[in-house]
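1. model this:
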Amino acid sequence: MSVARPGWPAQVRPPDAPEWERTAEGWLLDVCPPEYRSYPLLRRHLLVLARFAVLHVEACQATTRRALSEARAQLRGVVDPDVVEAAIQVWSAEDARLSGVRRAVGLVEDALRGRRFAARL
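-> Okay, here's the model as predicted:
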């Protein structure tokens with residue numbers, strides 16, 4: 001029997017549990033921009049939805065990392081230094097959050113591709 005791997009999203013039932021794919025669909029749509037809900041293809045083909053979600057999260061990660069690398073130069077002289085540091089803290093927290101989301105989306109995508117994880121004793 002397969003089990004959910006570490007990092008599996010709490011909102012998604014483990015692979016092969018009843019209606020796990022329905023819970024995966026809802027969660028993946030929540031990860032994506034709201035406009036993705038209007039594309040029937042993404043609801044009919046969950047693996048395609050998962051791939052869209054992976055790419056969306058990776059783009060968000062790239063944006064956050066760019067913001068971190070440019071924050072001081074772009075905000076210096078525009079806002080107070082303590083605001084710059086606070087913004088860096090927010091972007092750092094968002095980068096960490098997105099890393100977890102990227103792992104979770106990848107695990108769901110793997111499960112939709114038929115890859116299963118068996119816990120070892």
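2. where does this structure dip in pLDDT?
-> Across the chain, residues meeting the criterion (pLDDT under 70) sit at 1-2, 119-121.
3. most distant residue from the middle of the protein?
-> With distances taken as Cα atoms, centre = their mean, the residue sitting farthest from the centre of the chain turns out to be residue 77, at 33.6 Å.
4. any idea how far it is from residue 83?
-> The span separating residue 77 from residue 83 equals 12 Å under the rule Cβ to Cβ, to the nearest Å. For the C-beta atoms, the positions are set from N, CA and C on the backbone; glycine is no exception.
5. in a helix, residue 9, correct?
-> No. When classified by DSSP: H, G, I helix; E, B strand; the rest coil, residue 9 is found to be coil rather than part of a helix.
6. now do the contacts for it.
-> 27, 104, 107, 108 (Cβ atoms under 8 Å, 6 or more residues apart in numbering).
7. surely the third one is within a helix?
-> Put plainly, it is residue 107. Yes. Secondary structure of residue 107 (three-state DSSP): part of a helix.
8. and it, what does it touch?
-> Residues in contact with residue 107, defined by Cβ under 8 Å, 6+ apart, are 4, 5, 7, 8, 9.
9. how does it look with 6 Å?
-> By Cβ atoms under 6 Å, 6 or more residues apart in numbering, the residues touching residue 107 are 5, 7, 8.
10. tell me which element residue 59 is part of?
-> Assignment of secondary structure by DSSP states H and E places residue 59 within helix 46-75.
11. could you list the buried residues of that helix?
-> Along helix 46-75, these residues count as buried under the neighbour rule (16 or more other Cβ atoms under 10 Å): 46, 49-54, 56-57, 60-61, 64, 67-68, 71, 75.
12. thinking again about what came up before, and the contacts of residue 9, which two are furthest apart?
-> Spanning the widest gap among the contacts of residue 9 are 27 and 107, at 11.3 Å by Cβ to Cβ.
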